[in-house]
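A.B. asks: mind folding the following:
(2 chains)
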Amino acid sequence: MSRITIPIGPQHPALKEPLSFLLTVEGERIVESALRIGYVHRGLERIFQNRSYVQNVHVVERICGICSHAHTTTYCQGVEALLGLHIPPRALYLRTLLCELERIHSHLLWLGVLAEHVGFTTIFMYAWRDREIVLDIMEKLSGGRVAHAVNVIGGVRIDVDQEQVRLILARLDELERQIESFLGVIQHERTFRARTRAVGYLSIEQVRSHCVVGPVARASGVDIDLRRDAPYAAYGQLDFRVITAEEGDVWARTMVRALETIESVCMCRQLLAGLPDGPLAVRAPRRVPPSEAVSRCEAPRGELIYYIRSDGSDRPARVKVRTPTLTTLATLPDQLRGVNTADVPTVLSGVDLCIACADR
Amino acid sequence: MGDFSSALFALLIFPGFGFLCACALAFQWIDRWVTARLQGRIGPPWFQPLADFVKLMAKEDVLPIGAHEQACAALPMVSLAAVLTAALYVPVGGLATSAFEGDLIVVLFLLSIPALAYFLAGWLSVSVFSVVGGSRALLQYFAYEVPFLMAFAGPAMLSGSWSISRIATQQSQAVGMVLVQPVGFLLAFVGLIGKLKRSPFDIPKAKSEIGAGPLTEFSGRKLALWHLSLHIKTVVGIFLLVDVFLSGSFTGLAVPTALAFGVKVLFTLLALSVAGVLYARLRIDQLASLGWKVLAPLALAQMLAVIWIGAG
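C.D. replies: Here you go, the predicted model:
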């Protein structure tokens, strides 16, 4: 059978961000794939070195359009560690609250994208409609739907009152009902299962050898989650389950993310119920003593790492970011081998790539 | 002269070209609006399909270098001509422009010409997406066409006629075919979804996988004609289903024939919209195995049942 080469990207309906694949196909089966990244490289790590620590909070937030709060949390944690600051508990709780809201938002957005790629437009529309609930909550809290500017070095800049807490709790109940209905569809709808079962399979060994993190790793049975394994912010005080699955395919990833979303709703409730009183931030000095720090967070897509080195000035000497997407990109050639061309969008969206994060 | 002008009226206005175009636009709007409402969206205003058509007609018409220009210009017209000719033999509210013994076979044949034109359009317009889409369209054709044809053989054998008008009239004396052959109706319905390439069988034009499939490289007037022909095909397909399985415009109640026919057509259209909303798109191999492992044996069982009933 003759081989043809199909370009997927850098611009393609299945891709929300620029990424390029050259797929060599025999009929409808893929025999080879070549990946190319770097289309949205913006030189951000260099920009960090030319800005002060405070200005960088603003830049860091713009690495990603989805998990912006995870980036600022990790960055601020790192700088706070360099400064040896003790963050007030109320600030930590609010930070964590935003982290979890953002996880819900990210997972729902992803569910919509996946549903669209398997041709399930209805779930796409529902998921994005219900994502508005969590976006509304975040807007009410911070004034921004995607870029929240909640974190500052030393704490947070927002506060909630009892009235807001009541409103948020009511909307969270609404959200949980919707997510549970999605869960029913994911579990039982036969066409959806037919399109996602045994597609994009990753074994536990492949996950380990590529150091894959986040929901993709958990869906292959690797039980890792920084929120439990190395608690930061207020996660130490929360009671939650780490969701794992054994199947290792796109369906398992969907289940893991949907269940995680419900778990996140429960965590938000705990955070709002146990919100301690006290100040929102401590004052941070402008200059940071020479040292280095590694800060880690469980972003919606998995472990996010910041390495920050200071040289005593008000600007960082180096900020290095390792995003979770980088680990999953390396597994894509493995996942695509032998796959039907119709499943390419499913595989690509199944791992939840964030190219803007990975390229920076 | 009177004969000539009434024939011209039937061909061009009702139930011919003008009526079919109006139905195509109206059905498209109903379908889009119902789908939007079911998906929690607002949906387009009623004139949106017409506006889309006018806009496409006015747009620049380009083809990539290497595409077969004459063929690409002729194919949408062939497709449109085939569905318009098929429409002549499908009664609307009991009125058919023309009818003869065996027109069911001709109509089914004419309705499969757009599928072949669609495949050729993909093959001749030199883009990888359209080539893959075209080969998928052909594979899909083999998956749904056989059960679809077999489903229509049932009512024809039972009423002893291969004329659509006669089959529809026959049901006014007896009961609707859908009650006698529910499986046949279901198969024809599923086959129609495949034929119209509607969700969940929109495999040849799966936009997240291969853009617009065979029509990826089409634009302007040619694309407008493609859309028109595919939407008229929807109209004719629904009319055919209503005539053959839902006893056309006969209800046994004292209601106007046009109303009875309209209600049944609307019901079928809504069923198509709902089916499109409920499922995820299948993969081509999954559709092929559905067609040959489930639909074709069911169609065969239905045919054998009809023969057995007819003999007994």
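
A.B. asks: mean pLDDT per helix and strand in the chain: which one sits at the bottom?
C.D. replies: I went with chain A, as the question did not name one. When each helix and strand of chain A is scored by mean pLDDT, DSSP states H and E, strand A:3-8 comes last, with a mean of 79.

A.B. asks: sorry, should have said chain B
C.D. replies: When the helices and strands of chain B are compared on mean pLDDT, DSSP H and E, helix B:177-180 comes out lowest with a mean of 74.

A.B. asks: low-confidence ranges in the chain?
C.D. replies: Going with chain A. A:1, A:13 (pLDDT under 70).

A.B. asks: let's do chain B instead
C.D. replies: For chain B, the stretches with pLDDT under 70 are B:1, B:173-175, B:252, B:311-312.

A.B. asks: that one: helices as residue ranges?
C.D. replies: Ranges of helices within chain B are B:2-12, B:17-38, B:48-58, B:69-88, B:103-124, B:128-159, B:164-173, B:177-180, B:182-196, B:207-210, B:220-245, B:257-278, B:284-289, B:296-311, based on DSSP state H.

A.B. asks: please name the nearest non-neighbouring residue to the residue of chain B found nearest chain A.
C.D. replies: Residue nearest to chain A within chain B: residue B:281 (2.5 Å; Cβ to the nearest Cβ). Where C-beta positions appear, they are placed from N, C-alpha and C, glycine not excepted. Nearest residue to residue B:281 in three dimensions, chain neighbours excluded: residue A:119, at 2.5 Å (Cβ to Cβ, 6 or more residues apart in numbering or on different chains).

A.B. asks: so the one you found, which of the three states?
C.D. replies: coil (DSSP: H, G, I helix; E, B strand; the rest coil).

A.B. asks: surely it and residue B:205 touch.
C.D. replies: No. Counting by Cβ atoms under 8 Å, residue A:119 sits too far from residue B:205 to count as a contact (10.4 Å).

A.B. asks: more neighbours, the two?
C.D. replies: Using other Cβ atoms under 10 Å in any protein chain shown as the criterion, residue A:119 and residue B:205 rank with residue A:119 on top: 28 against 22.

A.B. asks: can you report phi and psi for that one?
C.D. replies: phi 80, psi 20 (degrees, to the nearest 10).

A.B. asks: which residues touch it?
C.D. replies: Residues near residue A:119 by Cβ atoms under 8 Å, 6 or more residues apart in numbering or on different chains: A:195, B:199-200, B:202, B:206, B:208, B:280-281.

A.B. asks: ok, now residue B:181?
C.D. replies: Going by Cβ under 8 Å, 6+ apart, residue B:181 touches B:154-155, B:158, B:245, B:302, B:305-306.

A.B. asks: just to revisit the earlier point, can you redo the helices of chain B as CSV with distance to chain A and mean neighbour count?
C.D. replies: As requested, those are arranged in CSV below (distance: least, Cβ to the nearest Cβ, whole Å; neighbours: other Cβ atoms under 10 Å in any protein chain shown):
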stretch, distance to chain A, mean neighbour count
helix B:2-12, 37, 11
helix B:17-38, 7, 18
helix B:48-58, 17, 15
helix B:69-88, 20, 19
helix B:103-124, 13, 22
helix B:128-159, 5, 22
helix B:164-173, 32, 21
helix B:177-180, 25, 20
helix B:182-196, 13, 22
helix B:207-210, 4, 25
helix B:220-245, 17, 24
helix B:257-278, 5, 18
helix B:284-289, 6, 18
helix B:296-311, 17, 14
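
A.B. asks: the residue nearest to residue A:138 when sequence neighbours are not counted: helix or strand, and which one exactly?
C.D. replies: Nearest non-adjacent residue to residue A:138, counting by Cβ to Cβ, 6+ apart: residue A:101, 5.5 Å away. Residue A:101 is part of helix A:89-117 when elements are defined by DSSP states H and E.

A.B. asks: this completes my enquiry, with thanks.
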